[in-house]
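Chemist: Predicted coordinates and the sequence they were generated for:
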2 protein chains.
Amino acid sequence: MIDVARRANVALSTVSYAINGTRAISAPTRRRIQKAMEELGYEPNAIARGLVSKRTRIIALLFPTPERGMGVTEMEFVTGAAEAALERDHHLVLWPTELRNLRQLDRLTGQGLVDGAVVMEVRLDDERVDLLRQAGLPFSMIGRTSEPGSINYADIDFEQGARDAVAHLTALGHRSIGFLNHSPSAFTVGYGPTVRAADGFRRAAMDAGVEHFERLCGDNVAAGRAAFHELRAMALNLTALVVMNDHAIVGVMDALDEIGWRVPDDFSLVSIGSSTRVSEMMRPRLTTLEPQSSELGRLGVHMLIDELEFRGAEPPAPTQVLLPCRLVEGRSSGPVRQH
Amino acid sequence: MIDVARRANVALSTVSYAINGTRAISAPTRRRIQKAMEELGYEPNAIARGLVSKRTRIIALLFPTPERGMGVTEMEFVTGAAEAALERDHHLVLWPTELRNLRQLDRLTGQGLVDGAVVMEVRLDDERVDLLRQAGLPFSMIGRTSEPGSINYADIDFEQGARDAVAHLTALGHRSIGFLNHSPSAFTVGYGPTVRAADGFRRAAMDAGVEHFERLCGDNVAAGRAAFHELRAMALNLTALVVMNDHAIVGVMDALDEIGWRVPDDFSLVSIGSSTRVSEMMRPRLTTLEPQSSELGRLGVHMLIDELEFRGAEPPAPTQVLLPCRLVEGRSSGPVRQH
DNA sequence: ATGTGCGTTCGAAGCGTTTCGACGAAACGC
DNA sequence: GCGTTTCGTCGAAACGCTTCGAACGCACAT
């Protein structure tokens, strides 16, 4: 920076003002500085900048490391967030913190490396959120707690998604619809999508006046297969299933094969939350309510940076967004079978 | 840090030495400092540390943003890398740089934020690698260029994977085997796995003395379906296919349905590079040569940090690792059909 | 000529660490 | 009992920037 200043015949501080736009700089001076920077290939040192300005322009992405690893949806959160961060001239660091290990998270925030955080896979009651709030670190959420207050969040509207799924099926004439949810453990830890999708399904089915059945189901093929057989035994008129469980749905299709039912002729399936990349791999291609995952990741980052940049001024109104799922019709849903 | 020093009755610098182990500190003094740090909940400021020590303990993960987005395999690289970084007390930032946009990468490295980089999805001839080398930034690769020289890398051994796939099929009695590769564009840009798997397949088939056919194939269902029909028309005895293309393989199965062939009774399929999470979603569950993606991400980070920590001492021998794929038998491969 | 105000620019003081050279005290050999 | 080494500690100087208060020149009004 000294070299740039010397070359442009100005003081060190003038270069700084020119870079940050903190004070007015006359056009000729600015030009000289620009030129000097380019000629020297100068790039301001992010660390030194961060040290004095208290703005590191680094934000953290908090994601839990679940047993089963992450799917396509989560990957899209991450890439979306990373792209958005870069566009807004920020860096995104990954903090894969186990949920129980709050101590680690505490240490990480204490290091003063990041200006804020985006929290992924938020639970209805999430300790990480409490910790961040206490630490005074600005953050936004992908997902939301049961009491989000004035915290910025962007979430998938799984409740509406479930309603849309039911609407899609009732429009096709189905009058007895089941719902296969995530695992019981997801439900008990208060994983929002699990809870809210179930609500949406129930209401939509009641509003439509159709027979409906719900079931939690382990996140694996065998559980899906078993769940289907059970559901069918208790719901004799069942003609369609809404499934929010990418693994279980495979088991369901296996079970359908076993009893010789064809999809969608004899039975319809609608998946909630599968990305097209996954639903395209199924045969038949699944009808799915696809979440806008990448967009969600982007939003989370933008909300956070908006907040960071407004610091000092009066806080802007919290941004709280529910993104609808997009209905992508595959070949797994069709008109109800006529007996 | 001043508070800690005051509380422990030592000089500022003594606290620093105690934290970093840079100089010997007597046991009682160290204890006093430890205690003071805990009582005050003190955590050293990562930014200030980085500024003076020239070691930010931040490393970058470079991944291209391809059109089709990333799959499960890539996600596992990322999470593996993030976990490994955290374990070794480093931060991982995501740099999703478009391949053509080298300018951006140049700027990013110029900021002096990161100590080194892990490059994902390396091509046989990769401009990013040249740029990093010129910038003097230490880095390791997941994948490898055609001339890796003394650069650390960890790569999936797709060549061996292809051989294993052929071995698996010949052991089942197959004597006419096809290979469905990635898209022509992947081949022309010199994407390593595409090129090397083809080599491995060809050699293994020749060594085993079996009839073999190869084909590039667009990364989508329709292309896979078309490719199968074409392949079958020119290879009348074909009884099995090795596929390194998660999307195309779905099309192949559709095509098999169309001609009434069942998997694996009438025709065998082996996938290369599909993670179990994907192959479990296929029906029948695919036999796959699963890459150890998470391990690869971890390795990339460890290699880089090893190198960073050795700076100054003579450079350690380059670590260059090929990780074998793991054969996971599904239900898509079986004994050759007897006519 | 002298004062007033504005738009620009300057010098210097930090930001929270690491690290260098130096120093006091205890331990050693003779 | 005197140099000499070793161990543990200290004060102060960076690291590369931002930002504060002050000062400069210039046009304008007085």
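Modeler: Structure received.
Chemist: need the next SSE after the worst-scoring helix or strand of chain A on mean pLDDT, C-terminal direction.
Modeler: The weakest-scoring helix or strand in chain A, judged by mean pLDDT, DSSP states H and E, is helix A:184-188 (a mean of 88). Next along the chain after helix A:184-188, taking DSSP states H and E as the criterion, comes helix A:192-208.
Chemist: Up against DNA strand D, what does the stretch 1-150 of chain A have?
Modeler: Neighbours of DNA strand D within the stretch 1-150 of chain A, by C-beta under 7 Å from any atom of the strand: A:1-2, A:12-13, A:15-17, A:19-20, A:22, A:42, A:44-45, A:48-49, A:51-53. C-beta: built from backbone N, CA, C; applies to glycine.
Chemist: Could I have the buried ones of those as PyMOL selection syntax?
Modeler: Of these, the buried ones can be selected in PyMOL as follows, counting by 16 or more other C-beta atoms under 10 Å in any protein chain shown:
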select buried, chain A and resi 1+15+16+17+19+42+44+45+48+49+51
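Chemist: So which of the residues of the stretch 1-150 of chain A next to DNA strand D reach DNA strand C?
Modeler: A:12-13, A:17, A:48, A:51-52.
Chemist: tell me the two of those that are most distant?
Modeler: Taking C-beta to C-beta as the measure, these span a maximum distance of 18.2 Å, between A:17 and A:51.
Chemist: ok, back up a step: just the ones in helices from the residues of the stretch 1-150 of chain A next to DNA strand D, please.
Modeler: Among those, the members falling in helices (DSSP state H) are A:2, A:12-13, A:15-17, A:19-20, A:48-49, A:51-53.
Chemist: Tell me who's in contact with the closest residue to residue A:25 other than its chain neighbours.
Modeler: Ranked by C-beta to C-beta, 6 or more residues apart in numbering or on different chains and with sequence neighbours excluded, the top spatial neighbour of residue A:25 is residue A:18, at 4.9 Å. Taking C-beta atoms under 8 Å, 6 or more residues apart in numbering or on different chains, we find residue A:18 in contact with A:25, A:29-30, A:33-34.
Chemist: next one: residue A:102
Modeler: If you count contacts by C-beta under 8 Å, 6+ apart, residue A:102 has them with A:127-128, A:131.
Chemist: for it, phi and psi?
Modeler: phi -70, psi -30 (degrees, to the nearest 10).
Chemist: low-scoring stretches of chain A, by residue?
Modeler: A:67-69, A:311-315, A:339 (pLDDT under 70).
Chemist: all strands for it, in order.
Modeler: A:58-62, A:91-95, A:116-119, A:139-142, A:153-156, A:176-180, A:211-215, A:240-243, A:268-272, A:287-290, A:320-323, A:326-328 (DSSP state E).
Chemist: Please identify the most buried of the ones you listed.
Modeler: Ranked by mean neighbour count, these are led by strand A:240-243 with a mean of 30 (mean count of other C-beta atoms under 10 Å in any protein chain shown).
Chemist: just checking, what packs against it?
Modeler: If contacts are counted by 3 or more C-beta pairs under 8 Å, 6 or more residues apart in numbering or on different chains; DSSP states H and E, strand A:240-243 sits against helix A:158-171, strand A:176-180, helix A:221-234, helix A:248-258, strand A:268-272.
Chemist: these two touch, right, residue A:129 and residue A:120?
Modeler: No. If you go by C-beta atoms under 8 Å, residue A:129 and residue A:120 don't touch, sitting 11.7 Å apart.
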